[in-house]
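Engineer: Structure, please.
(one chain, ligands or ions: 1)
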Amino acid sequence: MNPSTDYATEFARRVALVTGSASGIGLAVARRLAAGGAALAIADINKKGAQAVADEFRAAGTQAIAVGVDVTDPASVQNAVQATMNQFGALHLAVNNAGIGGPVAPTHRYPQEEWRRVIATNLDGVFHSLQYELPAMLSSDGGAIVNMGSICAVNGFAGVAAYAAAKHGVIGLTKTAALEYAARGLRINAIVPGFIETPLLANATAEERAQLVALHPNGRLGTAEEVAEMAVFLLSDRASFVNGSHHLVDGAYSAQ
Ligand code: NAI
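Structural biologist: Reported below is the predicted structural model:
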């Protein structure tokens, strides 16, 4: 850690777009970026939720806009990036975090329409985001991107075929984009969180939750703030030689 880093200003004059930032991990990342002085585009399919977050940020002195976006739709993502550029004149940082869990079913019974929906959101969504963020960043002053993976991006997990396939794909996209844009000053990394206490797990029963906790040697689920710390590190100049890799925040889940 660079002891001279001033965490209250390390993202000053930086513009950040976070997808899925009306809730959970994305919201925690947006809060942490705002605390570091960034201007924020709060982009979410839940436009009302995004508006509430942007209003709260503005009231606290952060420059912020709310953008309604459906990451499954390339035109919608293009509009979101354009709206960010129109408002702030640049894009330096992005966190491609919007995602859904999808159903739990063995592969031979996994509903095909749900497969399409999960892949469209969790994998196509990251691809669409990269397609429009990368040119915006190239026309700005460098940049860094974090894609949200999962322990299901590096391990199988019974019952979630589409989620695991999409998240494994996110790692491939991350590595490929990093290779393509490294020489032009962009860094693209991924985070691999264990199970995190967010609304995504709201439908889990107490028994399912206990089973999830038992998967983590740390003896608990993670918090959105713990994932956000990794995200802001990867987005910061402190991570200037970190590129094309994925970073575990999983309470030793993957160490077993
Ligand atoms: P969350 O449900 O609290 O937040 C997800 C956000 O994404 C919501 O605000 C939702 O409105 C938005 N969203 C959903 N579909 C969208 C779309 N098509 N376009 C734009 N926005 C959309 O969930 P959480 O837990 O914060 O998840 C964030 C990311 O972290 C996801 O990619 C998820 O797969 C990943 N993750 C979550 C873990 C967990 O245990 N909660 C573990 C590992 C990864």
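
Engineer: Do any residues in the lengthiest strand in the chain lie close to the ligand?
Structural biologist: Counting residues, the longest strand found in the chain (DSSP state E) is strand 186-193. Yes. Using Cβ under 6 Å from any ligand atom, strand 186-193 reaches the ligand at Pro193. All C-beta spots, glycine's among them, are computed from the backbone N, C-alpha and C.

Engineer: what's that strand packed up against?
Structural biologist: Strand 186-193 is packed against helix 125-138, strand 143-148, helix 161-181, helix 224-235, strand 246-249, with contacts defined by 3 or more Cβ pairs under 8 Å, 6 or more residues apart in numbering; DSSP states H and E.

Engineer: Pick the most deeply packed of those.
Structural biologist: Across those, averaging neighbours per residue (mean count of other Cβ atoms under 10 Å) puts strand 143-148 on top, at a mean of 26.

Engineer: Quick one: end-to-end length of stretch 198-215, please.
Structural biologist: One end of stretch 198-215 sits 17 Å from the other (Cα to Cα, to the nearest Å).

Engineer: Flag every buried residue along it.
Structural biologist: By 16 or more other Cβ atoms under 10 Å, the buried positions in stretch 198-215 come out as Thr198, Leu200, Leu212, Leu215.

Engineer: Keep those, but drop any that are not near the ligand.
Structural biologist: Thr198, Leu200.

Engineer: re earlier: could I get the average pLDDT for the longest strand of the chain?
Structural biologist: Summarised as a single mean, pLDDT over strand 186-193 is 98.

Engineer: Need the residue closest to the centroid of the protein.
Structural biologist: Asn97 (2.5 Å; Cα atoms, centre = their mean).

Engineer: can you give me phi and psi for Pro217?
Structural biologist: Torsion angles at Pro217 (phi, psi; degrees, to the nearest 10) stand at phi -50, psi -20.

Engineer: re the thing from before, in terms of model confidence, name the weakest of the buried residues of stretch 198-215.
Structural biologist: Leu200 (88).

Engineer: mind checking how far Gly61 is from Ala8?
Structural biologist: From Gly61 over to Ala8 the distance is 12 Å, taken as Cβ to Cβ, to the nearest Å.

Engineer: Please apply the same query to Pro199.
Structural biologist: Here the criterion is Cβ to Cβ. By it, Pro199 lies 29 Å from Ala8.

Engineer: who touches Met230 in this structure?
Structural biologist: The contact partners of Met230, taken as Cβ atoms under 8 Å, 6 or more residues apart in numbering, are Ile191, His247, Val249.
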